[in-house]
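Peer 1: coordinates only, no sequence provided:
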């Protein structure tokens, strides 16, 4: 394929409407998590005027972060498979792949076990969420090469960001054990703040991979490429 044709193909990523809309869910999550952190930095009088619904939702937001972390490596595996398929597999094959990937992911299994303990109102939406993630196996084989590279870059950067933030939280937790008087985890805001940063970076990265610079020079955000964005060897 000529350079002109390649750039034309990559230009599919430059549709402005899609570029903005794609990043909105992650951006919204970043804003919600950032707002949920604010009460920990207010006086009791100021916190009393804060929306009680958001304060009451902090446990649910923390669980959402647990789900995101639990499914992160599983999602990386799904994207790796989906971007290397040369044609769309039958639905029953997709179902088998999904079951196999979940069973081989310790983190995903732990997330499912916790959701089961919390009840059907948590477990069923979680199953639906996994099914939606598995749609990549249906849609991705028909996508262009640059779109596959973008998908690999996005999940690779999420994994890198997640590992980095997890390391930072672990250091913070160890510091809290060593110095109980400054234990930040007593209020739980570090995890919410890390989640806000995670989704903010993911939102920016979704915008980035749909831009001209990525189209002309595909690369990961932080230099560490866990999947290999140009590794599209067929399965």
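Peer 2: Cool, the structure landed. Remember, predicted model here, so these are calculated numbers, not experimental data. Numbering: from 1, shown residues only.

Peer 1: looking at the residue of the chain most remote from its centre now. What's its pLDDT?
Peer 2: In the chain, the greatest distance from the average C-alpha position (CA atoms, centre = their mean) is reached by residue 45, at 35.6 Å. At residue 45, the pLDDT value in this model is 74.

Peer 1: try residue 224
Peer 2: pLDDT, residue 224: 90.

Peer 1: so which helix or strand takes in it?
Peer 2: Using DSSP states H and E, residue 224 is not contained in any helix or strand.

Peer 1: tell me the contacts of the residue farthest from the centre of the chain?
Peer 2: Counting by CB atoms under 8 Å, 6 or more residues apart in numbering, residue 45 touches no other residue. Bear in mind the C-beta positions are built from the backbone N, C-alpha and C, glycine included.

Peer 1: list the contacts of the one residue sitting closest to the centre of the chain.
Peer 2: The centre of the chain sits closest to residue 158, judged by CA atoms, centre = their mean, with a distance of 5.4 Å. By CB under 8 Å, 6+ apart, the contact list for residue 158 reads 72, 75-76, 198, 202, 205.

Peer 1: ok, it to residue 234 distance?
Peer 2: To residue 234, residue 158 is 24 Å away according to CB to CB, to the nearest Å.

Peer 1: pLDDT weak spots in the chain?
Peer 2: 1-22, 47, 54, 176-187 (pLDDT under 70).

Peer 1: give me the contacts around stretch 68-82.
Peer 2: The contact list for stretch 68-82 (CB under 8 Å, 6+ apart) reads 97-98, 101-102, 104-105, 107-108, 110-111, 129-130, 133-134, 136-137, 139-141, 151-152, 155-156, 158-159, 162, 166, 195, 198, 226-227, 235.

Peer 1: now with 7 Å, please.
Peer 2: 97, 101-102, 105, 107-108, 110-111, 133-134, 136-137, 140-141, 151-152, 155, 158-159, 162, 227, 235 (CB atoms under 7 Å, 6 or more residues apart in numbering).

Peer 1: the longest helix in this protein is where?
Peer 2: Longest helix in the chain, counting residues (DSSP state H): helix 145-178.

Peer 1: can you give me how far the next helix or strand along the chain from that one is from the chain middle?
Peer 2: Note on helix 145-178: by DSSP H and E, the next helix or strand toward the C-terminus is helix 189-209. Distance, stretch centre to chain centre, for helix 189-209: 9 Å (CA atoms, centre = their mean, to the nearest Å).

Peer 1: and helix 189-209, what does it pack against?
Peer 2: Under the contact criterion of 3 or more CB pairs under 7 Å, 6 or more residues apart in numbering; DSSP states H and E, helix 189-209 touches helix 16-37, helix 58-84, helix 145-178.

Peer 1: list the buried residues of the longest helix of the chain.
Peer 2: Within helix 145-178, the residues scored as buried using 16 or more other CB atoms under 10 Å are 146-162, 164-165, 169, 172, 176.

Peer 1: and for stretch 123-138?
Peer 2: Buried residues in stretch 123-138, counting neighbours by 16+ other CB under 10 Å, are found at 123, 126, 130, 133-134, 136-137.

Peer 1: can you list the residues that contact that stretch?
Peer 2: 67, 71, 75, 78-79, 81-82, 88-89, 94, 97-98, 102, 112, 115-116.
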